[in-house]
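Q: Below are the sequence and a predicted model; questions follow.
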Amino acid sequence: MSHQIPREVERAVRTAGESTTRYGWEVGEVYRRARRRRNRRRGATAIGATLAAIGLVGAGIVVRQHAQATRPLEPAVVSTPTGPAQRLLLAGANGQYLGTRPGAEPIELGALSIGEMRPDGGLVPLPVPGNGYDSVTGLSDGRVVVLGDVPRTTLTVDDPAGEAVQRDIKRPGERVTLVAANATTAYLWRPQGLAGFDLTNGLERLVMSSAMLDLPGDDPSAALDAADVVGDTLVLARTSASCRPELNDIDPPQGLRTLSLTALGCRATTGLRLSPSTGRVAVTYEKKPGDVWAAVLSTEDGRVLADRHVTTFDIKKPPVLVRVAWLDERNVRGVVVPLGPGVHQLQTFTIPT
């Protein structure tokens, strides 16, 4: 599963826009502001006043947590993974954050630094190659696959040693989005459909066509609220039927079944994460604006294996992101990521099934 400027951010902006109060952030501004901030750091001497003006937290300035409150979560349960844990990246986080380890120091995250929440509660910053990112996913071998859009559309594979392999994947007039990646392949949304990009040689093949998936041929990702690929399984949530995620087999290409969240009171899906074996899927969703839940469903028969409330936030303030990953085949871990100015204490949780 990759992460990009989140659908929940877009949804919160639309909801907040219906009120009479205006706020100093919009979709797209999160990363543009962070990029401008880096440029100012290089050449400006009055950075403190500038950062205060745009409402962000910068180097040398620590603003304590603002008044936005989320409902407390139960402490995360320490679980020993039975295999490699999926990586939990905080893509979209923008501001200063504290991990859950005692004595943790604030870490600044934004367009140039992605946070990773480790299973032990440690928060680790991962530098972003280039000038920023559009979407990102982490591999179990320590590599990070980043789709960047400045100054050109590039797919970068960054290994733990800091060596990066970068390829320009832009096609004139086409939008491209990173869906997910594994050790050999990055999955991309192209106008033609779901494409598999070989991380070794840069060759690309069409995996499932937009026509077969009944998605628009100019930008399939624009019609989706969430998607993930693990192994030969693609799961997606259409914006038009957000609470009925669809399972597809990509080899050979065919539809499998629909998983329904409607009985849980789902209003919109905000994230999907398949388990390592693809036997289960973790779903983050809203029951109403600002009311976020997480459920685990069996991909074999659609049974709901777990469902729990995660957080509630004020929709008139910057939204809250919820990210999840699998510790192993039975345990999901997650983190609540507030946005907006201030130093934020991250809240983690686990869902055993």
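A: Looks like it came in fine. Numbers count the residues shown, from 1 in each chain.
Q: okay, CA-based contacts and neighbour counts for the rest of this
A: OK.
Q: The residue nearest to Pro289 when sequence neighbours are not counted sits in which helix or strand?
A: Counting by CA to CA, 6 or more residues apart in numbering, Pro289 lies nearest to Ile315, which is 6.7 Å off, once chain neighbours are set aside. For Ile315, there is no helix or strand it lies in under DSSP states H and E.
Q: Same check on Pro341?
A: Using DSSP H and E, Pro341 maps to neither a helix nor a strand.
Q: Distance-wise, check it relative to Lys287.
A: Applying CA to CA, to the nearest Å, the value for Pro341 to Lys287 is 26 Å.
Q: More neighbours: those two, which one.
A: Using other CA atoms under 10 Å, the more surrounded residue of Pro341 and Lys287 is Pro341, with 21 against 16.
Q: Report pLDDT for the residue nearest to Pro289.
A: Note for Ile315: predicted pLDDT of 91.
Q: Endpoints of stretch 279-297, how far apart?
A: Rule used - CA to CA; the end-to-end distance of stretch 279-297 is 9 Å.
Q: hang on, the earlier thing: how many neighbouring residues does the residue nearest to Pro289 have?
A: 17.
Q: repeat for the one 4 residues further on
A: The burial metric for Pro319, expressed as a neighbour count using other CA under 10 Å, is 24.
Q: From the contact counts, what lies against the one helix or strand Val292 maps to?
A: Using DSSP H and E, Val292 maps to strand 291-298. Packing partners of strand 291-298 (3 or more CA pairs under 8 Å, 6 or more residues apart in numbering; DSSP states H and E): strand 280-288, strand 304-312.
Q: closest to Ile169 out of those strands?
A: Closest to Ile169 of the helices and strands packed on strand 291-298 is strand 280-288 (CA to CA; 29.8 Å).
Q: Need the contact partners of that closest one.
A: 265-275, 292-300, 322, 324, 329, 332 (CA atoms under 8 Å, 6 or more residues apart in numbering).
Q: Strands of the stretch 201-350 of the chain, start to end?
A: Per DSSP state E, counting those that start in this stretch, the stretch 201-350 of the chain carries strands over the ranges 204-209, 224-230, 233-238, 246-250, 253-258, 268-274, 280-288, 291-298, 304-312, 320-326, 331-338, 343-345, 347-352.
Q: Might you list the low-confidence residue ranges for this protein?
A: Scanning the chain for pLDDT under 70 picks out 3-83, 150-151.
Q: again, only using 50
A: In the predicted model, the chain carries pLDDT under 50 at residues 13-72, 74-82.
Q: For it, just list every one of the helices.
A: Counting by DSSP state H, one finds helices in the chain at the ranges 7-17, 29-43, 47-54, 210-213.
Q: how about stretch 301-317: buried residues?
A: For stretch 301-317, a neighbour-count test (16 or more other CA atoms under 10 Å) marks Gly302, Val304, Asp307, His309, Val310, Thr311, Thr312, Phe313, Asp314, Ile315, Lys316, Lys317 as buried.
Q: Next, the contact list for the residue nearest to Leu321 when sequence neighbours are not counted, please.
A: Closest residue to Leu321 apart from its sequence neighbours, by CA to CA, 6+ apart: Val337 at 4.9 Å. Counting by CA under 8 Å, 6+ apart, Val337 touches Leu90, Ala93, Val320, Leu321, Val322, Arg323, His344, Leu346, Gln347.
Q: Same list (the residues you listed) but as TSV, adding distance to Arg167.
A: Formatted as TSV, those follow (distance: CA to CA, whole Å):
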residue	distance to Arg167
Leu90	24
Ala93	25
Val320	33
Leu321	30
Val322	30
Arg323	28
His344	35
Leu346	34
Gln347	36
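Q: end-to-end on stretch 124-131?
A: End to end - CA to CA - stretch 124-131 spans 19 Å.
Q: Pull out the buried residues from it.
A: Of the residues in stretch 124-131, Val124, Pro125, Leu126, Pro127, Val128, Pro129 count as buried by neighbour count, 16+ other CA under 10 Å.
Q: and what of stretch 173-193?
A: Buried, per 16+ other CA under 10 Å, within stretch 173-193: 175-182, 185-193.
Q: Likewise for stretch 258-270?
A: Residues of stretch 258-270 classed as buried: Thr258, Leu259, Ser260, Leu261, Cys266, Arg267, Ala268, Thr269, Thr270 (neighbour count, 16+ other CA under 10 Å).
Q: Contacts for the strand holding Val292, please.
A: Taking CA under 8 Å, 6+ apart as the rule, strand 291-298 contacts 259, 279-287, 303-313, 322, 353.
Q: Distance of Ile250 relative to Asp232?
A: From Ile250 across to Asp232, the span is 5 Å (CA to CA).
Q: neighbour-wise, which of those two wins?
A: Neighbour totals were compared for Ile250 and Asp232, and Ile250 leads with 16 against 12 (other CA under 10 Å).
Q: That one: what's it in contact with?
A: Here Ile250 is in contact with Val207, Met208, Asp232, Thr233, Leu234 (CA under 8 Å, 6+ apart).
Q: Could you list everything Ala282 pairs with in the sheet?
A: With DSSP bridges as the criterion, Ala282 is bridged to Arg273, Val296.
Q: how much space is there between it and Thr311?
A: Per CA to CA, Ala282 is found 16 Å from Thr311.
Q: Many thanks, I have nothing further to ask.
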